[in-house]
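Participant: Give me the fold of what follows.
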Amino acid sequence: MTDRSIGPRYAPYALAVLMVAYVLAFVDRQVLNLLVEPIKHDLQLSDTGISLLQGLSFALFLSIGGLPIGRLVDTRRRVTVLSMGIAFWSIATGCFGLTRIYAVMLLSRIGVGVGEATMTPSAYSLLGDYFPPRRLGLAVGIYSMGAFIGSGLAMILGGAILGMLPKGDVSLPLVGAVRNWQAIFLLLVPIGLGVALWVASLREPLRGAGDSDETPGWGEVRRYFAAHWRPILGVDAAVGFTNMAAYGLLSWTPAMMARTFQMGPAAVGWRLGWIVILACSAGTFAAGLAGDALRSRGRETGRLMVMAGALAAAIPLAIAAPLMPAPGLFLALTTALLFCLSAALGSGPATMQEITPGRMRGIQHAIAVLTANLLGLGLGPTIVALITDRVFAQPAAVAWSLAIALPLMLLIALGCCAFAMKVYAGALRSQQIP
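Facilitator: Residues are numbered from 1 along each chain as shown. This is a model prediction of the structure:
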């Protein structure tokens, strides 16, 4: 059932709950990046083998399974779909922490992807009904900060906990002896189940007042996407290739700092974690404000202009940052790079919200998730690892792999953004959204 009594004061609370869930999703997803070296040591894996755990295995169902889940979001109670997904991915995270068998670890990461496939379609659909269009950009920007806060917390807390745990095996109640890195994944399970219950308590908002109460059939959905495929393809591809660069950077920066600057997990996690939280949150927040300001001044492509500007600024930073000879210089340029990447990524969801009818937002955001995660999460870490393993054939060359791969990904993203900008205004006017 939907709650027709939801007032404007409830929306910020709902946004906070959804943001906490999003933070948790990225903690579960990204904590693995800080633990690359101990996992590689215990399982005797190559960089490419680790990258499959980081990205491709996780992204498979997160991307492909998102399409039917997006349809479920458009036809069922969204807070229920999301709370069940959170519980599922939390249990799968625990399964990952219980094993050191590579095949089982791959299956567990796929399970995390199954659960997290509910996150983005549910949350963006809910936010589109909790907030009016004039406040949507800022709301989506604040929510999107959860990805970066979660990624940063995964590094900060993961490094701190790993530093406090004894080296080697740790004895846990009900579980017994596990490696110290396994304990970190197991500690996330009860937290996730608690957040699932919290999300289940949210009120389900009435779907868009301007939309039909009848759920559109697949034929109507296909006609809509056929009519607007150019802006949809352009924006989704731009976000996808930007995600490819972001995931490539975040997946391999901890290992690069360990190999190049001989820094341990705790030191890397503390420094890089805070940079991710502050720089990326600021970039996402700034993009939301800038996009809303340009739209309020009548710039129909205002949000795309923000995305394009951020991508253009990110390209030279992506070349220079990995090649810096000292950790201070590297972290300074990486801070600026992450600000630009997050500004570009933060502009994407609100851009698509504006041209998508309310009853189709779930499936549209599922398509966006498919593109972003197959390109970003699925290929970003693996492309960097393949360059390291196959081109340079030495783990210490990961910095050069980043300096080669990231700017190429961002150039393609900028081209996709320019393509979308040519046709976006017409799609926006067809929706008659001010």
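Participant: If we go by neighbour counts, what in the helix or strand hosting residue 336 is buried?
Facilitator: With secondary structure defined by DSSP states H and E, residue 336 is part of helix 327-354. Under the neighbour-count criterion of 16 or more other C-beta atoms under 10 Å, helix 327-354 has 327, 330-331, 333-354 buried. For the C-beta atoms, the positions are set from N, CA and C on the backbone; glycine is no exception.
Participant: where do the strands sit along the stretch 101-250 of the chain?
Facilitator: In the stretch 101-250 of the chain, the strands defined using DSSP state E, counting those that start in this stretch lie at 169-172, 176-179.
Participant: any chance of those in a markdown table, with distance to residue 416, mean pLDDT and mean neighbour count too?
Facilitator: As requested, the strands of the stretch 101-250 of the chain are arranged in a markdown table below (distance: least, C-beta to C-beta, whole Å; pLDDT from 0 to 100; neighbours: other C-beta atoms under 10 Å):
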| stretch | distance to residue 416 | mean pLDDT | mean neighbour count |
| --- | --- | --- | --- |
| strand 169-172 | 46 | 83 | 14 |
| strand 176-179 | 42 | 86 | 14 |
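Participant: With respect to residue 108, which of these lies nearest?
Facilitator: Comparing the strands of the stretch 101-250 of the chain against residue 108 with C-beta to C-beta, the closest turns out to be strand 176-179 (14.1 Å).
Participant: Contacts for the closest one next, please.
Facilitator: 38, 42, 97, 98, 100, 168, 169, 170, 171, 172, 186 (C-beta atoms under 8 Å, 6 or more residues apart in numbering).
Participant: now do stretch 44-61
Facilitator: With C-beta under 8 Å, 6+ apart as the criterion, stretch 44-61 contacts 29, 32-33, 36, 39-40, 43, 102, 105-107, 109-114, 117, 247, 251, 255, 373-374, 376-382, 384-386, 388-389, 395, 398.
Participant: Restrict the residues you listed to the buried ones and give me that as a PyMOL selection.
Facilitator: Here is the PyMOL selection string for the buried members of the contacts of stretch 44-61, based on 16+ other C-beta under 10 Å:
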select buried, resi 29+32+33+36+39+40+105+106+109+110+111+112+113+114+117+247+251+255+373+374+376+377+378+379+380+381+382+384+385+386+388+389+395+398
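Participant: And residue 203, its phi and psi?
Facilitator: With angles defined as degrees, to the nearest 10, residue 203 sits at phi -80, psi 140.
Participant: Report how many residues lie close to it.
Facilitator: 17 (other C-beta atoms under 10 Å).
Participant: Format the contacts of strand 176-179 as JSON lines; extra columns: distance to residue 299.
Facilitator: Compiled in JSON lines, the contacts of strand 176-179 are given as follows (distance: C-beta to C-beta, whole Å):
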{"residue": "38", "distance to residue 299": "49"}
{"residue": "42", "distance to residue 299": "53"}
{"residue": "97", "distance to residue 299": "48"}
{"residue": "98", "distance to residue 299": "52"}
{"residue": "100", "distance to residue 299": "54"}
{"residue": "168", "distance to residue 299": "58"}
{"residue": "169", "distance to residue 299": "59"}
{"residue": "170", "distance to residue 299": "55"}
{"residue": "171", "distance to residue 299": "60"}
{"residue": "172", "distance to residue 299": "55"}
{"residue": "186", "distance to residue 299": "49"}
